[in-house]
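A.B. asks: I'll drop the sequence and a predicted model, then ask my questions.
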Amino acid sequence: MSSVFYYEPFTDFDRLFEEAFNARTGSNNQNNAQLQRSSRASNVIHPKMDLHEDAKANSVVASFELPGFKKEDVHIDVHNGRLTVSADSNVSSEKKEEGYVVKERRFGKYSRTLQLPQGIKDEEVKAAMEDGVLTVTFPKSAPEMAPKKITIS
């Protein structure tokens, strides 16, 4: 049985390509301006994710990069067979030193969703976080959902 995972590697690439293309061609029609406004309004950052299949343990491990976040800041939801990892960043710091001021800010919503194999129960999903890396582990497929071979008589 194969599992479907939603992977969106080109989300930021598409946006950057559109901006570069529009700047080069001088394209400023109303549709492009409207598209740009809507893409900025839904400014969701997709954390990088690695998927690894552990054949011995019959499980899948998803690792999400969430640097600077504590486990209390991260939310994991399972709904309709989809696992969503999300976090909101509202960090602001200021440092004054010998005549200059350094202000750093990080604002945004981080979110990533992936499709779980059929038959996974919520209690089978395990999560741990260490050094800004969230690791979520779940079985590849429930035993009752494993494919069965039928012999032709």
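C.D. replies: Nice, I can see it. Numbering: from 1, shown residues only.
A.B. asks: To which secondary structure element is the nearest residue to Val133 once chain neighbours are set aside assigned?
C.D. replies: Nearest residue to Val133, sequence neighbours excluded (Cβ to Cβ, 6 or more residues apart in numbering): Ser63, at 5.7 Å. C-beta coordinates here come from the backbone N, C-alpha and C atoms, glycine included. Using DSSP states H and E, Ser63 falls within strand 59-65.
A.B. asks: Only the buried residues of that strand, if you could.
C.D. replies: 60, 62-64 (16 or more other Cβ atoms under 10 Å).
A.B. asks: got the residues you listed as JSON lines, with pLDDT columns?
C.D. replies: Converted to JSON lines, these look like this (pLDDT from 0 to 100):
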{"residue": "Val60", "pLDDT": "90"}
{"residue": "Ala62", "pLDDT": "92"}
{"residue": "Ser63", "pLDDT": "94"}
{"residue": "Phe64", "pLDDT": "93"}
